[in-house]
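1. let me see the structure of the following:
(2 chains)
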Amino acid sequence: MKKYQNARGTVDLLPNEIGKWQTIRKLIDDMCFVYGYKEIQTPMFEDTGVFKREHDTSDMVTKEMYTFSKNGVDSLTLRPEGTAGVVRSFVQHKMYGNQELPAKLYYVGPMFRYERPQKGRQRQFHQFGVENIGLKSPLVDAETIALGYSVVKALGLSHVKVLINTLGDETSRKNYDIALREHFKEEQHNLCSDCKRRYEVNPLRILDCKIDHEKESIKHAPKMDDYLTEESKQYFNEVKQALDALDIPYEVEPSLVRGLDYYTHTVFEVVSTHPESGAQATIFGGGRYDGMVEYFGGPSLSGVGFAIGMERLLILAEAEQVDLNKHVEADVYVMSLGEVGNVPLVVTSQLRANGYYTEYNIEPRSLKAQFKSVDRFKAKVVVIVGQDELKEHKVSVKDIASQKQLQCDIDELIHYVDHFFEECHEGCQCGKE
RNA sequence: GCGGUUGUGGUGAAGCGGUUAACACUCUGGAUUGUGGCUCCAGCACUCGCGGGUUCGAUCCCCGUCAAUCGCCCCA
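-> Model (predicted):
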């Protein structure tokens, strides 16, 4: 028999760790609610063209996509990121027409990229992202960063820092790109092999090279600043002022270039400064995109958004010893002693119908074994269904904390269990202290 | 896509070219036949990721493969 395991780069989220995901999910929902964001769910695969846009040279688009076809004609792709699908949906459903802008949307779900896995990098991973589309303002940029930062902070993470930069408008960006190519034209052959490739793909990245950063040609490379229009500079200044006003600490990082080619103006990242985050320190990244809505056939509207890598968030939470797990404890454990038939199940069912999380003993086991189950489930109250009591239509109820035990009529059980979970009035005979 | 490290039960891990693969935790049963959490005793890996090779013989050596992990690249 062939043994299977999960495909490379994927993970099973097992029950004992799913609590973390539920905690984080709730936090996201709550945070988005107060910011006025609504959830949107777009399909996990789309026409390849949605993701593979002209001029996009990122690795993600050129070599990491899971692309397939079932009829030899259509080309479909498992989504590698969330923004494209959301913008496509925004345009398709003309969300710019019947509501106040900006549209504020968020999504949570799996993304797929064919990469070599390592810590913090999987082939199927999860992102939480937001898109704010339709209103171009430095305030919105700052607000968006604030939302992401709030989530990170609300999780209790402290070893993070916010990096921001501006790429200017499309013209600024294009001119700077040309200037860089011109500058490195003669020099490119002396650069490292990665930089040679970067020269072709995205010269901005050469500035950030770990190998070549000492080279004169890099030190004397043109500065982005000189290519920004006055308007772009002003825009960036206002973003920074807003962040200051919101008390969000940040660093301007001139070499910060986001991977996706559609960004303009503000780009930002939140990186972990914790050593255990390893090579994948970026927790979330995003920025403003001016041309995308139009690209998909919508009006000329600008958007801003980010995506948070949830696995990375959880790695950092682990490293910082933030406990996000839910610790579930049973309310009641129903034990069985002797020939009691299906009574324990019936009793359990009644307790559950009254809202108590109840576990019960199914097969005959020693009392000791059953008490071990009580401990394992961390049950607070034990109901003992024994054949002796049953003759008198009674069961025993025991409060674990106080060790108090009493017998009651089986029909009044709920009443007694209620008492163990509530404050007792004076003179109550339930036995609880 | 490139380079390095690792791979022994549910978990953490010893181990060695040679008849029964330590130890600890967990788990199961018993001492204690209707009241646990302590203690004590017993049990729990036809097998050392998978495939092939070397050898009289391999968990241990070699090759391949799969996976994890670290760094590069890239990115969330």
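2. hey, let's count contacts and neighbours off CA atoms from now on
-> Fine.
3. average model confidence for stretch A:412-422?
-> Stretch A:412-422 carries an average pLDDT of 87.
4. revised request: answer the last question for stretch A:349-368.
-> Mean pLDDT, computed over stretch A:349-368, is 91.
5. do stretch A:371-385 as well
-> The average pLDDT for stretch A:371-385 rounds to 91.
6. could you list the buried residues of it?
-> Residues A:373-374, A:377-385 are the ones in stretch A:371-385 that count as buried (16 or more other Cα atoms under 10 Å).
7. just the ones in strands from the residues you listed, please.
-> Here DSSP state E is the test, and the buried residues of stretch A:371-385 give A:381-385 as lying in strands.
8. JSON lines for those residues, including distance to A:D30?
-> Shown next, in JSON lines, are those (distance: Cα to Cα, whole Å):
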{"residue": "A:V381", "distance to A:D30": "33"}
{"residue": "A:V382", "distance to A:D30": "36"}
{"residue": "A:V383", "distance to A:D30": "38"}
{"residue": "A:I384", "distance to A:D30": "41"}
{"residue": "A:V385", "distance to A:D30": "43"}
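9. keep only the buried residues of stretch A:371-385 that also lie close to RNA strand B.
-> Filtering these for neighbours of RNA strand B using Cα under 7 Å from any atom of the strand leaves A:374, A:384.
10. out of the buried residues of stretch A:371-385, which one sits closest to A:V11?
-> Taking Cα to Cα as the measure, A:V11 lies nearest A:F377 of these, at 26.6 Å.
11. ok, now which ones touch the residue nearest to the spatial centre of chain A?
-> Among the residues of chain A, the one closest to the centroid is A:M310, at 3.4 Å (Cα atoms, centre = their mean). Listed by Cα atoms under 8 Å, 6 or more residues apart in numbering, the contact set of A:M310 reads A:125-128, A:283.
12. quick one: the helices in the stretch 51-200 of chain A, in order.
-> A:59-63, A:83-92, A:138-154, A:170-184, A:193-201 (DSSP state H, counting those that start in this stretch).
13. now the stretch 201-350 of chain A
-> Under DSSP H, counting those that start in this stretch, the stretch 201-350 of chain A gives helices at A:216-219, A:230-245, A:292-295, A:310-319, A:343-353.
14. out of these, flag the one nearest A:G109.
-> Across the helices of the stretch 201-350 of chain A, A:G109 has its closest neighbour in helix A:310-319 (9.4 Å, Cα to Cα).
15. before we move on, back to that, can you narrow the contacts of A:M310 to ones near RNA strand B?
-> A:125-127, A:283.
16. of these, closest to A:S255?
-> The closest of those, once distances to A:S255 are taken by Cα to Cα, is A:I283, at 17.5 Å.
17. how close does that closest one sit to A:N190?
-> Counting by Cα to Cα, to the nearest Å, the separation of A:I283 from A:N190 is 33 Å.
18. who's more crowded, the two?
-> Each of A:I283 and A:N190 has its neighbours counted (other Cα atoms under 10 Å); A:I283 has more, 24 against 13.
19. what sits against that one?
-> Going by Cα under 8 Å, 6+ apart, A:I283 touches A:269-272, A:308-310, A:312-313.
20. mind putting those into CSV with pLDDT and distance to RNA strand B?
-> Output for the contacts of A:I283, formatted as CSV (pLDDT from 0 to 100; distance: Cα to the nearest atom of the strand, whole Å):
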residue, pLDDT, distance to RNA strand B
A:E269, 94, 7
A:V270, 93, 7
A:V271, 91, 8
A:S272, 88, 10
A:I308, 95, 5
A:G309, 94, 4
A:M310, 94, 7
A:R312, 92, 6
A:L313, 92, 8
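21. how about the residues you listed, which pair is most distant?
-> A:E269 and A:M310 (14.4 Å).
22. picking up where we left off before, let me have the helices of the stretch 51-200 of chain A in a markdown table, adding distance to A:R288 and mean pLDDT as columns.
-> Formatted as a markdown table, the helices of the stretch 51-200 of chain A follow (distance: least, Cα to Cα, whole Å; pLDDT from 0 to 100):
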| stretch | distance to A:R288 | mean pLDDT |
| --- | --- | --- |
| helix A:59-63 | 19 | 80 |
| helix A:83-92 | 11 | 96 |
| helix A:138-154 | 7 | 96 |
| helix A:170-184 | 11 | 86 |
| helix A:193-201 | 21 | 83 |
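23. nearest spatial neighbour of A:R173, skipping sequence neighbours?
-> Leaving aside its sequence neighbours, A:R173 sits nearest to A:L167 (Cα to Cα, 6 or more residues apart in numbering; 5.9 Å).
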